[in-house]
Every structure is written in C-alpha cells, then in structure tokens.
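Asks: just to be clear, the model below is a prediction. Sequence and coordinates:
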Amino acid sequence: MKTNILNTNAYTIKQLPNAIAFVDRNLKLNCASDEWAAFFNLDYHMAIGKQLFDVIDESNYSWREPLVSTLEGNTECFLQTTLTGNGIEKWFELSTKPWYNEEENIIGAIIQVEDVSNRVLMDLKFQKLENLLRDQSEISKVGTWEYDLDSERIEWSAMTKKIHEVPHDFQPSIDKAINFYKQGHDRNTISMLVHNCIEKGETWNTKLKIVTAKANERWVLAAGKPFYKDGKISRLIGTFQDITEDVEAENKIIENEKLLRTLIDNIPLNIFIKDKDSKKVLVNKAECDYLGVSNPQEIIGKTDYDLYDKDVADISRHEDVHVMKTQKPILKKRTINVKKDGSSTSFLTSKIPFVNADGRSKGVIGISMDISDVIQKEDQLRNLINVTAIQNKKLINFAHIVSHNLRSHTANFSMLLDFLVNEKEASERKRIMDMLLHASDNLMDTLENLNEVVDISTDVNLEKKSLNLNENITKVQQNLSAFLHQNNVQINNNIADTVNVKAVPAYMESIILNLVTNAVKYRHPDRNPSIVLSAKKKEDITIFCIQDNGLGIDLDKYGQKLFGMYKTFHNNKDARGIGLYIVKNQIEAMGGNITVKSEVEKGSTFSVYFNDKD
Amino acid sequence: MTKINSIYVIDDDAITLFGVKKILAKTIDCDSVSEFHNGQTALNALIHAMENGFEVPDLIFLDINMPIMDGWEFLEEFLRLPIDKKIIINILTSSIDPSDLRRWHYYKDRTDHLVIFKNKPIFSIDLCDILRTHMAS
C-alpha cells in the first residue's frame, strides 16, 4: 500500500513540470520528475534508486552540505552555475526542503532546481545598463526623479542627489524637493509647473535656480512629465540637470556683449561693421545719431548707396573692397561724407579688415571720427594766420612808407640848409627860406596823415554800431555842400531809408566823405560830376556802391596800387595819395572790404562791403 | 666845367627839382635842363625828341616814388627805347627800402647805359669823372 501510494506518487512526480527530485536520508534517489532527469542529462530509469552522487558529479554540484542541513530540518536555497556539455554557462537555483512523512518525521529531502540562466543574464544586462546610465548621468550631470502620486513618495537618482548636494541616504519629499528651489520666482515657478502637470498633464522644461543643501546656488534645467496608468496620472517623472556652468558661461557672454555694446555706444566715434557686400551688420549709437535714426535696425542691411551721395558711396565701396582684398587697413584717412539731404561732414576714418577664423575677409570694421569742428577751427586758425600775415606785411609796408616819407623831408631840409649856409645873395637866401617853410608844412601834413593811419591800425577794438546809411550820407552832403555846389555836382541817391549797416561812426563818415570827394576831385573836365549811390543786402553783408562819371582809372596799370599809400594816378595837385589808403584800412578794420570797377574816360564805381556781423 | 648838352630831371618834388638844378648850375655847363614831374611826361618828351631828331639827354636824374608813372616804370620803358648813345641814369631817392636796391641791381645789369643809385640828400654832383670816362668809352 505504502509502496503503491509512493509508486502512484512517483509516477505523478515524474510528470511534474518542475525539475524536482526526492532523496531519502541516505541520499538515495527515490523519485524525480522527467524535467529533473533532463536537467542533468540522466536516464530516468537508470537513475532512480541510485545514490544521488553516483548519478551527479559531486565535484560539480557541491550539494552535500545543504542536503545534510536539510535533513536536519532546514530549507536551503542558493544559486549555482555549471557548464553544459557544449560549454555554455548555465545558471540554476537550487532549493532543498526536508521531506516529511505523515508523522512529521524527516524521511529525506526534496531537491528542486530551476534554470535561471535567462534571469541571471537579464540581471547582468540590467546591471550593465544601470551602470551605463549612471556613468552617463555622471558625465552629462543629468539626474532623474520620480514622484508617485498615490504614495507621495519621491525618488531621486544619485546624480539628482549629488546636484542637490545631499547625502546618498537622503529621503526627499515633494515639499523638500520644491523648497530647494530659490525662494521667490524660482520656487513659485516650479510649484506652478508641478501643479499644472498634476492637474492638466502639462510637461515642463525650464531653467531655474536652486539652493543646495550646502547653500550653493545652482542653475538647473528641470524637466517633468506625467506618467499615465489606466488613463489617470499616477506618477511624474523627469530629469534634473546641472547647467550652472553653461548658464554662467552664457551669462558671461551676455555680459561681455553688453560691455562691448556699452563701450561702442558710448565711445565718441562712429563705429560700423559691414559685410562682404558693404551692407552694414553693426552700427553703434554715434553712427545712428549721425544718420538720424534711433534704432540700429533701421540701418542694418543698408549700404552706403542707401545712405550717402553716390560719389561718396562709390569712394567708400572702393575702399571697402580694397581693404577686404589686401587685408591691409586704411588708417586715419580724411573723408567727407555727404548725406542724401546734402549735408556734409568731415571724418577721420579707419577701415580694418574683418577676418574669418579661416583667415578670409568677411567684411570691414570701420571707425570714424567727426572732425568737422577741428577742420572749422583749422580754417579759423588759417584765416587768423592769413590776417596776421597781411597785418605784418602792412606793418612792414607802413614802416617803409614812414621811413621814406620822413627821409624825403629831412633830405630836403639838409639840402636846403646846406644851400643856405653857402648862399651869399639875399634874394636867393629868401627863396631858400621860403622853400624851407614849404618843406616844413609838407612834413607837418605827412605827420598828420601818418597819425590818421596809425589811429586806424591801433583802434582794433572800436565798437561797431548799427547806423542808417542815408542819415550818414546826408550828413556828409551837408558838410560838403559848398564844395558840391561849387562843382555843380548832382547826386542821385537810390538807397532806401531803411538800410542800416554795422560800422564805426567815425569810419563811416570818413569813408563816405573820401569816396564822394574823390568822385568830384577826379571829375571829367568835359561834364558836370554826377554821382549815383545804391546799396544791396547779401546775407551778412551790405554793399554800398558809389558810381561816378569822372576820369576813370586804368585798372590794368594802376589796379594794384590804387589803394596803396601815397599813390596818385592823375595830374591833380590836390591828390595826396592817402584817401583811398585810409578808406581801405578803415573798412578792413571793420571786417569789410572795398573793390573798384572803372573805365577810363567813363567813370568809376567803388563798392564798399560792410560786414553786418559784430 | 664839364660840358653836357641835355639833362632831364624827373621828380615830383619841387624842392628836389630846385636843389638839383641849383647844384647842376654850379658844376656842369649845360645848355638844356628839362624838368618833369613824373615818368610819363619825361618819357613822352624823350620819345618826341627821338622822333623829331632832337637830342636825347646825356644825363637823367630819376626819382622813384612819383604819381602816374614811377621811376621803375619809366626805366622799364626807357630801356626798351632804341637809343645808341650811352646815357647816365642817376636814380635819386629817399627810399632805403632794400627791394628798391634789388631792382636797381636788376636794371643795372640789363643795360649798357650807366645806372647809378643815390640816396637823397645830395649836396653836390660828383659825377664829373664818371661822366668823362663813360662818355669817352
């Protein structure tokens, strides 16, 4: 009966799908499943009833110890490996359990083996993958996290913990995790993002700042997304990346760019960069101001042809091409830019080749300095030098005139006195005495003339006043009334009563007096003197013209000497050669000028240019 | 007394004219002393003399600063005239301007006539020896 049951059992066991075997206390193989026999490559019938270690090589399968332990009532389970016949490593799990009879006595051991090669290989693979992932996250500094909504448990990967600077055994919670974000904007943002993800399933990927456990501020790229189970969000998963270095590098670049921009915008030079086609790719504030725009975008992409006069643009384009071709800079070249509206500005321009990393020209960097002011100053200076040179020349000329004129009188005195000393005859002595008196009068006249000239030359700060031209003409006419009447002079005054000029009153009178007197003095013998007065305004200048019908002057012959001192051109005994010299000095002292047109036998026209500026 | 046929005195200053004539009267025996108040009248007279076969002067006293035509302009015109006779031109001026001296050198070297430069005042004419040797050559 017992055997029967066992036999029946044995046959049942034989059919079990697991690899299982029963041994008695003497380790004799009582029964086994076919699977078990197959596992060890045994003939079922041959094996049953044999000593276990007679059919299984103990050196390969060190089972004795666990079996002994099992027979004492313990359960054992361990992993073993063996090489199969064709050399493949095989993993199996061995579990042994005591075999009890109905009286709960241990009558043997149950041995079960399970092929776990696949599982072990999977485990290894998984471990490898895990290692790989860890390495990867180590390198890219990308950590991961997972938040289970039901359990409210949050898991951080090692890297995530490292970024937070917390120990390995740190157990985060959702609140703790959120509190790592910097208070204010960053913490509010992450709270909202997490909330939106849970409620609406929205993903996020945002740059934020955290404060680590060690109180260091770090930039992180936090990303998260919902994980659905049965159509409901069950978990949030995401990555967590330390991007502090990137952000700092980026900030540094932005900062440098800002610095550069601030620099080029505040430097008092026009700076621009042009591409190969001379299109502007960068302009600074000074350049924008010069071109009259507030936004650089209005100029970017434009060429000089869009901004300047064609001639100017041609020259500029030529320079650009030259610089790009030769890669040699043009330095401090004087240029004149004429804008579309016709306004021109003088610049000191440098153009420097803008070179690629591979050494090829990709454009031109330009720096221009507005030197209009400097040039204006230069012009003023040059004018001043010219005026000074003219003054100097005048002075030397004057010195010669003085020395010559004084000398001629003294020479006469010497000669006459020499005659007088040696002259015995009374009548001749009387004649010489008369001549001495005459010489003395001449000397007095000369000295007076010289005084008059010196007065003009020294009165550099005479104040100009606004004077009515006609009032002054009338005054001169009254003073000369006898003289004019005597010579039957006709004066036609075409000047409007409103014409005012800026002049020194004394000079004004002297100029009109001299010119009117001259017009009469050098009258034509065949006709009565006729004088036409006129005036016209031209910007800051008033031109006063006095036209006569007198003798006229051969300007080809005398033009250069006309306004010189002691130059006379007619056989006129009243001619002193001083009037026009004084007139010219007076008008020039007032910043004006005098010119003459004349035709012999027809008459002359003198034009006086009054400078109406102070 | 040296004998000279014709003398021109060109000066706009009456006193100088008087002085030169007075000195000439004492030192040179001359039939004709003509006076002119500027270069133009002197030049006209000279051309008139040449055209009509009258005698041209042997000696000319020439002032520089004169109206209408000054001494240099006269000299410029005079040196162009086809005169075979060697004439003495005595520039008589109160100018001490170096540029006048330079111009004298310029004209002096351009002509066979004898051009002399003298500063005023003059007290006597000490030309006699020069005059003799010059005219003899």
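Replies: Arrived safely. Every value quoted in this text rests on a predicted model; they were computed, and no experiment measured them.

Asks: burial count for A:V142?
Replies: Residues near A:V142, counting by other CB atoms under 10 Å in any protein chain shown, number 20. Where you see a C-beta, it was placed from the backbone N, CA and C, and this is true even at glycine.

Asks: my error: substitute A:I578 in the last question.
Replies: Neighbours of A:I578 under the rule other CB under 10 Å: 20.

Asks: what is the neighbour count of the nearest residue to it once chain neighbours are set aside?
Replies: When the adjacent residues along the chain are set aside, A:I578 lies closest to A:N449, with 4.8 Å between them (CB to CB, 6 or more residues apart in numbering or on different chains). If you count neighbours by other CB under 10 Å, A:N449 ends up with 20.

Asks: kindly report the same for A:W204.
Replies: Considering only other CB under 10 Å, A:W204 is surrounded by 18 other residues.

Asks: do A:N284 as well
Replies: Counted with other CB under 10 Å, A:N284 comes out at 21.

Asks: what's near enough to touch it?
Replies: The neighbourhood of A:N284, defined by CB atoms under 8 Å, 6 or more residues apart in numbering or on different chains, consists of A:I264, A:D265, A:I267, A:L269, A:N270, A:I271, A:F272, A:P296.

Asks: which ones among those residues are found in helices?
Replies: Within the contacts of A:N284, residues falling in helices by DSSP state H are A:I264, A:D265.

Asks: for ChimeraX, write the select line for the buried members of the contacts of A:N284.
Replies: Only the buried members of the contacts of A:N284 end up in this ChimeraX selection, burial being decided by 16 or more other CB atoms under 10 Å in any protein chain shown:
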select /A:264,265,269,270,271,272,296
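
Asks: still on that earlier bit, tell me which helix or strand the residue nearest to A:I578 sits in.
Replies: Element membership for A:N449, per DSSP states H and E: helix A:426-458.

Asks: can you pull the contacts of the residue positioned nearest the centre of chain B?
Replies: In chain B, the C-alpha nearest the mean C-alpha coordinate belongs to B:I60, at 1.9 Å (CA atoms, centre = their mean). By CB under 8 Å, 6+ apart, the contact list for B:I60 reads B:I7, B:Y8, B:V9, B:I10, B:A42, B:I87, B:I88, B:I89, B:N90.

Asks: between the residues you listed, which has the most around it?
Replies: Neighbour max across those (other CB under 10 Å) = B:I10, 29 neighbours.

Asks: strands of the stretch 251-400 of chain A, residue ranges please.
Replies: Taking DSSP state E, counting those that start in this stretch as the criterion, the stretch 251-400 of chain A carries its strands at A:270-275, A:280-283, A:330-338, A:344-355, A:361-370.

Asks: so which of these gets nearest B:V115?
Replies: Of all these, it is strand A:330-338 that lies closest to B:V115, at 52.9 Å by CB to CB.

Asks: the closest one to strand A:270-275, inter-axis angle?
Replies: Here strand A:330-338 runs at an angle of 100 degrees relative to strand A:270-275 (axes from the mean of the first three to the mean of the last three CA atoms, to 10 degrees).

Asks: and strand A:330-338, what's buried?
Replies: Judged by neighbour count using 16+ other CB under 10 Å, the buried positions of strand A:330-338 are A:I330, A:T335, A:N337.

Asks: not counting it itself, show me its contacts.
Replies: Outside of strand A:330-338, the residues that reach it under the criterion CB under 8 Å, 6+ apart are A:308-309, A:311-312, A:315-316, A:319, A:322-323, A:344-351, A:368, A:371.

Asks: tell me the strands beside it, with direction?
Replies: According to DSSP bridges, strand A:330-338 forms sheet pairs with strand A:344-355 (antiparallel).

Asks: let me see the mean pLDDT of the strand it pairs with.
Replies: The average pLDDT within strand A:344-355 is 91.

Asks: show me what counts as buried in it.
Replies: Within strand A:344-355, the residues that qualify as buried by neighbour count (16+ other CB under 10 Å) are A:T345, A:S346, A:F347, A:L348, A:T349, A:S350, A:K351, A:I352, A:P353, A:F354.

Asks: hang on, the earlier thing: can you redo the strands of the stretch 251-400 of chain A as TSV with distance to A:Q376?
Replies: Shown next, in TSV, are the strands of the stretch 251-400 of chain A (distance: least, CB to CB, whole Å):
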stretch	distance to A:Q376
strand A:270-275	18
strand A:280-283	25
strand A:330-338	13
strand A:344-355	9
strand A:361-370	11
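
Asks: now flag whichever of the contacts of B:I60 is closest to A:E245.
Replies: Taking CB to CB as the measure, A:E245 sits nearest to B:I89 out of the contacts of B:I60, at 103.3 Å.

Asks: follow-up on the earlier one: measure the residue nearest to A:I578 to chain B for me?
Replies: With the distance defined as CB to the nearest CB, to the nearest Å, A:N449 ends up 14 Å from chain B.

Asks: which helix or strand contains the residue nearest to A:A10 when sequence neighbours are not counted?
Replies: Closest residue in space to A:A10, ignoring its immediate chain neighbours: A:C31 at 4.0 Å, by CB to CB, 6+ apart. Following DSSP H and E, one finds A:C31 within strand A:29-32.

Asks: pLDDT of that strand, averaged?
Replies: Here the average pLDDT along strand A:29-32 is 88.

Asks: just checking, next helix/strand downstream of that strand?
Replies: The C-terminal neighbour of strand A:29-32 among helices and strands, as given by DSSP H and E, is helix A:34-39.

Asks: for A:R576, give me the pLDDT.
Replies: The score at A:R576 is 63. That number is its pLDDT.

Asks: typo on my end, it should be A:G559
Replies: Among the per-residue scores, A:G559 holds a pLDDT of 77.

Asks: ramachandran angles for it?
Replies: In terms of degrees, to the nearest 10, the main-chain angles of A:G559 are phi -50, psi -40.

Asks: neighbours of it, how many?
Replies: Number of residues near A:G559 (other CB under 10 Å) recorded here: 12.

Asks: quick one: residues contacting it.
Replies: A:I553, A:V596.

Asks: all strands of chain B, in order?
Replies: Taking DSSP state E as the criterion, chain B contains strands spanning B:2-10, B:28-36, B:59-62, B:88-93, B:114-119.

Asks: low pLDDT regions in the chain?
Replies: Answering for chain A, as no chain was given. Regions of chain A meeting the criterion pLDDT under 70 cover residues A:1-7, A:84-85, A:457-461, A:565-576.

Asks: looking at chain B here, not the other one
Replies: In chain B (pLDDT under 70), the answer is B:1-2, B:126-137.

Asks: how about the residues of it that lie near chain A?
Replies: By CB under 8 Å from any CB of the partner chain, the part of chain B that sits against chain A consists of B:13-16, B:18-19, B:22, B:37-38, B:65, B:67-68, B:94-97, B:119-123.

Asks: how far does stretch A:294-310 stretch from start to finish?
Replies: With CA to CA, to the nearest Å applied, stretch A:294-310 spans 24 Å between its terminal residues.

Asks: what residues sit buried inside it?
Replies: Residues of stretch A:294-310 classed as buried by neighbour count (16+ other CB under 10 Å): A:P296, A:I299, A:T303, A:D304, A:L307, A:Y308, A:D309.

Asks: out of those, which touch chain B?
Replies: The subset of the buried residues of stretch A:294-310 within reach of chain B, by CB under 8 Å from any CB, is empty.

Asks: returning to what we had before: A:V608 is nearest to which of the strands of chain B?
Replies: Across the strands of chain B, the minimum distance to A:V608, taken as CB to CB, is reached by strand B:88-93, at 34.2 Å.

Asks: so the top helix by length along chain A versus strand B:114-119, what angle?
Replies: The longest helix of chain A (DSSP H) is helix A:372-422. Between the axes of helix A:372-422 and strand B:114-119, defined by the same axes, to 10 degrees, the angle is 90 degrees.

Asks: rewinding a little: which one of the strands of chain B is the most hemmed in?
Replies: Neighbour counts averaged per stretch over those are highest for strand B:59-62, at a mean of 26; criterion: mean count of other CB atoms under 10 Å in any protein chain shown.

Asks: format the CA atom coordinates belonging to that strand as PDB.
Replies: Coordinates of each C-alpha in strand B:59-62 appear next as PDB, following Å, rounded to 0.1, in the frame of the first residue of the first chain:
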ATOM      1  CA  LEU B  59      72.200 162.500 -68.100                       C
ATOM      2  CA  ILE B  60      68.900 161.700 -66.300                       C
ATOM      3  CA  PHE B  61      68.100 162.300 -62.700                       C
ATOM      4  CA  LEU B  62      65.300 159.900 -61.800                       C
END
